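Asks: Model the following, please.
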Amino acid sequence: PDALAAAAGSIRGGGLLVLLTPALADWPGAPDAALDRLIPAGRGRGEAGARFVERLIGCLRSAPGIERYGPDDAPPSLVPGPPAAAGPEHGYGCRSADQRNAVEAVVGVVTGHRRRPAVLSADRGRGKSAALGIAAGELLRRGRVRRVSVTAPSLTAAEPVLEHAAAYAAGTFADRRTVRIGAGELAFREPEAVLERAGADELVLVDEAAGLPVALLTALLRGAPRIAFATTVHGYEGTGRGFDLRFRAVLDAETPQWRAVRLDTPIRWAPGDPLEAWLARALLLDADPGEPDPPGPDDALRVEALDRDALAADEPRLRQLFGLLVSAHYRTRPLDLRQLLDAPGIHLLGAVCGGECLGVALAAEEGGLDAETARQVWAGRRRPQGHLLPQMLATHAGLEAAPRQR
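Replies: Coordinates of the predicted model:
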């Protein structure tokens, strides 16, 4: 699921996504390496489900804009649509007024008062990483700053910022992590390295902020008087509900004059693109728990086991439940949906009131390994797939019997 989302996100406007799949009737039982990675050691593939693939097939059958061809059909003649039009230029080389506003907000972090961070939020393909890069390039080109750090969950996540800065301001790459522009530089550093440099950077940029724990974001906010964050609201990189629900409260308390900038205008695709809509539905990239009605005086709260077959067939309940899990965690990926639906040893409990699911618990069975494997884990010679908590107890707490327990 993660690779599907990443591949679809790389398509240019007017392009095609081609999926080569087994026959739809045979697909649920076909070999599946992604599912195999979700099966803990000691469990057979027969215990895994195929609910994710069955639901994906349903999404493929019902979505507009999808052509389906079988082995007996004539070979398709696939003709891409026209490339996405560049559209008018909005200043700074921006492709939308939203993007220009985002660039101006980040530039204002440096040119305005201290302790007034900018927070850019957008779905994928709206140009927020480009806005960070353009703003950094503009500030370095004008000599307003000389040392800028960009951080993110990984170097790969931050590379678009570096590339856009270099392209905008005619910068040169000293290495994969560093762009030199005029007398200054923009460099990628891991979050911990940025914290160690407290005060050395005139501007800190945090991209894909939803992929970092709130405690780490808070430390970055406190350590950098001039800082800007960008976060994906819906996307495979890590959905940003933990950022929305928790970090905004930190911003209000620590830097009450922070500025929020929302980028809504698509740049990569056209508004209402059918592929973007299909991807969001198929992978629940936009899952949201909604705002349930307050319980009535006669509504009783009950906790009940949820059947995964029934859940896979109940799209509104699945979206609501997955939205709750997204809200509870700082980083949720499409693969987590597959684990919820198909991985062996997963139990779901819902807190239900008045027909609404107000809470959810996801529990995974771990342990039960044989004595020899348990000893190998304790000795640091084996790391069987799954069973994370028993392995931590064995290796860090020295409890040789832990992997045998359930």
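Asks: contacting residues for Leu311?
Replies: Contacts for Leu311 (CB atoms under 8 Å, 6 or more residues apart in numbering) come out as 317-318, 321, 341, 348. C-beta here means a position set from N, CA and C on the backbone, and glycine is covered the same way.
Asks: Need these in a markdown table (columns: secondary structure, distance to Trp378 and neighbour count).
Replies: Compiled in a markdown table, those are given as follows (DSSP: H, G, I helix; E, B strand; the rest coil; distance: CB to CB, whole Å; neighbours: other CB atoms under 10 Å):
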| residue | secondary structure | distance to Trp378 | neighbour count |
| --- | --- | --- | --- |
| Arg317 | helix | 42 | 18 |
| Leu318 | helix | 39 | 23 |
| Leu321 | helix | 37 | 23 |
| Leu341 | helix | 33 | 23 |
| Leu348 | strand | 31 | 18 |
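Asks: could you list every residue that touches Tyr92?
Replies: 100, 103, 134-135, 138, 168.
Asks: Give me the pLDDT value at it.
Replies: Note on Tyr92: pLDDT of 93.
Asks: Give me the below-cutoff pLDDT ranges for the chain.
Replies: 78, 80-87, 234-242, 330-331 (pLDDT under 70).
Asks: ok, which stretches of it are strands?
Replies: Here the chain has its strands, by DSSP state E, at 118-122, 147-151, 172-175, 178-181, 184-188, 203-206, 227-232, 259-263, 302-306, 346-353, 356-364.
Asks: will you turn the ones you listed into TSV that also has distance to Glu276?
Replies: Putting the strands of the chain into TSV (distance: least, CB to CB, whole Å) gives the following:
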stretch	distance to Glu276
strand 118-122	13
strand 147-151	26
strand 172-175	31
strand 178-181	30
strand 184-188	28
strand 203-206	25
strand 227-232	13
strand 259-263	15
strand 302-306	30
strand 346-353	29
strand 356-364	27
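Asks: so which of those comes closest to Ala397?
Replies: Among these, strand 356-364 comes nearest to Ala397, with 19.6 Å by CB to CB.
Asks: May I see the buried residues of the closest one?
Replies: 356-357, 360, 362 (16 or more other CB atoms under 10 Å).
Asks: burial of the spatially closest residue to Val150 that is not a sequence neighbour, as a residue count?
Replies: If the residues on either side of it in the chain are set aside, Val150 comes closest to Leu205, at 4.3 Å by CB to CB, 6 or more residues apart in numbering. Neighbours of Leu205 under the rule other CB atoms under 10 Å: 31.
Asks: who's Leu205 bridged to?
Replies: Beta-bridge pairing for Leu205 (DSSP bridges): Val150, Ala228.
Asks: can you pull the contacts of Pro71?
Replies: Ala23.
Asks: swap in Ala63?
Replies: By CB under 8 Å, 6+ apart, the contact list for Ala63 reads 274, 277-278, 281-282.
Asks: Could you do Ala105 as well?
Replies: Per CB under 8 Å, 6+ apart, neighbours of Ala105: 118, 120, 228, 259, 261.
Asks: Tabulate the residues you listed in JSON lines, adding columns for neighbour count and distance to Val250.
Replies: Putting the contacts of Ala105 into JSON lines (neighbours: other CB atoms under 10 Å; distance: CB to CB, whole Å) gives the following:
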{"residue": "Ala118", "neighbour count": "26", "distance to Val250": "15"}
{"residue": "Leu120", "neighbour count": "31", "distance to Val250": "17"}
{"residue": "Ala228", "neighbour count": "30", "distance to Val250": "15"}
{"residue": "Arg259", "neighbour count": "18", "distance to Val250": "15"}
{"residue": "Val261", "neighbour count": "21", "distance to Val250": "18"}
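Asks: could these be laid out in CSV, adding distance to Glu192?
Replies: Shown next, in CSV, are those (distance: CB to CB, whole Å):
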residue, distance to Glu192
Ala118, 23
Leu120, 23
Ala228, 19
Arg259, 27
Val261, 27
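Asks: Please render the contacts of Leu311 as CSV that adds distance to Thr156 to the earlier fields.
Replies: As requested, the contacts of Leu311 are arranged in CSV below (distance: CB to CB, whole Å):
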residue, distance to Thr156
Arg317, 35
Leu318, 30
Leu321, 31
Leu341, 28
Leu348, 33
